[in-house]
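**Q** got a structure for you, letters missing:
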């Protein structure tokens, strides 16, 4: 169905190698998220899989067949673009019908699939409108509809939610996850937003400078980051990373502790510090605490409302079991 | 701040410019209208008299008028077809990345900067001349009979010359339009299984619709009044084979010294141009909305 294998895939633009040889297997029906900071090569990787860019080396296999040199249309993949890339002069119906028209499907089959997609995506009332008359979320759904009707082996999403406002983004996130559960088709999703990655993925691929830093389930990455980069990238707010003497005490170059694994107390504890800015979210409160003698303030989570204010002296105690230790190369120490 | 006061003063302050432009347009127009009702020949100065619609009757029943009308339409349509199709093809070509792109683009735009009289003379003497022209040499080199363009196909030759002048304009506008096309749309169409030719007809051409409309509207305005190219090449001949309305009016008023008849022709030309404008706006003007 939709098993995609990348075998030593490499991409260079001129002399600049954006993706060094890279191996990755995406199982059939999996929801895989490529995540990483801007410029890490995640979109390029997606475009290589789509066939919109030529690989400089290596092999891409889709369902065990070599697809390295197949044109995009022959790979049986459907892509949803960041800008939606709807055809502005065509109605929603024609937009959705376009890939089927190109494939030469019979008219009644086209109609049937359009109806199905429109019903699934709540677009039935908008079929005769032009994309310009739709809201951002609706356009996004049309783009997804255009992908669904092709019944592809896999869906490729290139930062599809980054043009939507925050509330809509949460809603569309759920819709895409639901779609995945219903269709059970392989989906590859590119984002720089680690919250999207954590909430949607079966498997996250963290990329940096074209290299795969870690592959794993969201919780695996959260609980056992393989290196300092993944530790700092996954999780919101970020994991606190501490270097220097304190880290050496634990036999590491860098130690990391997540905000929720620090206990805050006004009486006593391991590290004494002073409260800076505090962020009250209602369910949680995040304190930025400057520990005496350290440059970087630590972020601490406290449940619910805690009545501490700017300038108060507090003590922080890390939960030793949840302490992450990294060596000089930034790799995790068991 | 659009208060009552500021609106008043704004109107007051733009009124001199508006009045000037209004006078600029109205005075020649009303004088033309006035002359068109006079028997007014420069060979008989001081003998002007009101003749009603006689000038119009003579102008509209002149066999040369229908020839000129047809030639005008053929010239406008012919040049539009050549420049729009040629412009699209050139724009597609120039949109591709290739070595020396910048220089080639300037070269393509260059003909637009050559004065119509100059370019028409160059075409007439250096290319189309049946004895010395490059085309004649080329034909002789191939062992063919040289073709006398300006006598054998006068209107076609003029269409060719004018198209050459306007091709850069069309290319330039269509190229900018093509460059503003969202690349992701083309990629999406590619993923949707559309080969190049279908991407062109389904995605690029609809995207170019507005630019093509602009090209057609602007060129029509200028092509209705092509004059210099005809004057320096064929003088409207042979016979009336390459006389358009503008040239016919020129002949009437300045070669036959008939100011009254020429003015009547001018008024007819204005009316025809407006009919064309209305039809054009009806047919393709909707592309400019939204």
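**A** Sure, I can see it. Everything numeric in this text was worked out from a predicted model, so none of it was measured.

**Q** Mind checking the pLDDT average for stretch A:275-282?
**A** For stretch A:275-282, the mean pLDDT works out to 88.

**Q** One more: stretch B:234-246?
**A** 85.

**Q** First-to-last residue distance for that stretch?
**A** Terminal residues of stretch B:234-246 lie 14 Å apart, using Cα to Cα, to the nearest Å.

**Q** Close to chain A: what parts of the stretch 101-250 of chain B are there?
**A** For the stretch 101-250 of chain B, the residues found near chain A under the criterion Cβ under 8 Å from any Cβ of the partner chain are B:182, B:184-185, B:187-195, B:198, B:202-203, B:206-207, B:209. C-beta coordinates here come from the backbone N, C-alpha and C atoms, glycine included.

**Q** Now residue A:267: closest residue in space, sequence neighbours ignored.
**A** When the adjacent residues along the chain are set aside, residue A:267 lies closest to residue A:315, with 6.9 Å between them (Cβ to Cβ, 6 or more residues apart in numbering or on different chains).

**Q** Go ahead and confirm the one you found touches residue A:274.
**A** No: the criterion here is Cβ atoms under 8 Å, and residue A:315 misses it with residue A:274 at 10.8 Å.

**Q** The longest helix along chain A packs against which elements?
**A** Longest helix in chain A by number of residues (criterion: DSSP state H): helix A:166-183. For helix A:166-183, the helices and strands in contact under the criterion 3 or more Cβ pairs under 8 Å, 6 or more residues apart in numbering or on different chains; DSSP states H and E are helix A:136-148, strand A:186-191, helix A:194-200.

**Q** And the helices in chain B?
**A** Assigned helices in chain B, in chain order: B:4-36, B:54-61, B:63-95, B:101-109, B:116-122, B:134-141, B:149-152, B:154-179, B:183-191, B:196-199, B:205-223, B:228-233, B:245-250, B:259-284 (criterion: DSSP H).

**Q** Looking at the residue nearest the centre of chain A now. What's its pLDDT?
**A** Of all residues in chain A, the one closest to the mean position by Cα atoms, centre = their mean is residue A:197, 3.1 Å from it. We have a pLDDT of 89 for residue A:197.

**Q** Which one, of the helices of chain B, ends up nearest to residue A:10?
**A** Among the helices of chain B, the nearest to residue A:10 by Cβ to Cβ is helix B:183-191 (21.6 Å).

**Q** Tell me how far stretch B:9-22 lies from the chain's centre.
**A** 31 Å (Cα atoms, centre = their mean, to the nearest Å).

**Q** Now that stretch: buried residues?
**A** For stretch B:9-22, burial by neighbour count (16 or more other Cβ atoms under 10 Å in any protein chain shown) applies to no residue.

**Q** What mean pLDDT does that stretch get?
**A** Taken as a whole, stretch B:9-22 carries a mean pLDDT of 93.

**Q** Could you pull up the residues touching the nearest residue to residue A:172 once chain neighbours are set aside?
**A** Of all residues not flanking residue A:172 in the chain, residue A:161 sits nearest, at 5.5 Å (Cβ to Cβ, 6+ apart). Residues near residue A:161 by Cβ atoms under 8 Å, 6 or more residues apart in numbering or on different chains: A:140, A:168, A:169, A:172, A:173, A:191, A:193, A:196.

**Q** quick one: the nearest residue in space to the third one that is not next to it in sequence and chain B, what's the gap?
**A** For residue A:169, the nearest residue in space outside its immediate sequence neighbours is residue A:161; the separation is 4.7 Å by Cβ to Cβ, 6+ apart. With distances taken as Cβ to the nearest Cβ, to the nearest Å, residue A:161 is found 16 Å from chain B.

**Q** What's the first helix or strand after the worst-scoring helix or strand of chain A on mean pLDDT?
**A** Sorting the helices and strands of chain A by mean pLDDT, DSSP states H and E puts helix A:245-249 at the bottom, at a mean of 83. With elements assigned by DSSP states H and E, the helix or strand that comes after helix A:245-249 is strand A:254-257.

**Q** List the buried residues in that next one.
**A** Here strand A:254-257 shows A:254, A:255, A:256, A:257 as buried, counting by 16+ other Cβ under 10 Å.

**Q** mind checking how far that strand is from the chain centre?
**A** That offset, for strand A:254-257, works out to 23 Å (Cα atoms, centre = their mean).

**Q** Determine the set of other helices and strands touching it.
**A** Partner elements for strand A:254-257 (3+ Cβ pairs under 8 Å, 6+ apart): helix A:228-233, strand A:240-243, helix A:245-249, strand A:324-326.

**Q** Partner strands of that strand and their direction?
**A** strand A:240-243 (antiparallel), strand A:324-326 (antiparallel) (DSSP bridges).

**Q** where does the stretch 1-150 of chain A have low pLDDT?
**A** Counting by pLDDT under 70, the stretch 1-150 of chain A contains low-confidence ranges at A:1.

**Q** how about the helices and strands packed on helix A:166-183 in a markdown table, adding distance to residue A:225?
**A** Formatted as a markdown table, the helices and strands packed on helix A:166-183 follow (distance: least, Cβ to Cβ, whole Å):
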| stretch | distance to residue A:225 |
| --- | --- |
| helix A:136-148 | 31 |
| strand A:186-191 | 18 |
| helix A:194-200 | 12 |
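
**Q** if I pick the closest residue to residue A:326 other than its chain neighbours, what's in contact with it?
**A** With sequence-adjacent residues excluded and distances taken as Cβ to Cβ, 6+ apart, residue A:326 is closest to residue A:254, at 4.3 Å. Counting by Cβ under 8 Å, 6+ apart, residue A:254 makes contact with A:228, A:241, A:242, A:243, A:247, A:325, A:326, A:330.

**Q** 7 Å - rerun?
**A** Counting by Cβ atoms under 7 Å, 6 or more residues apart in numbering or on different chains, residue A:254 touches A:228, A:241, A:242, A:243, A:247, A:326, A:330.
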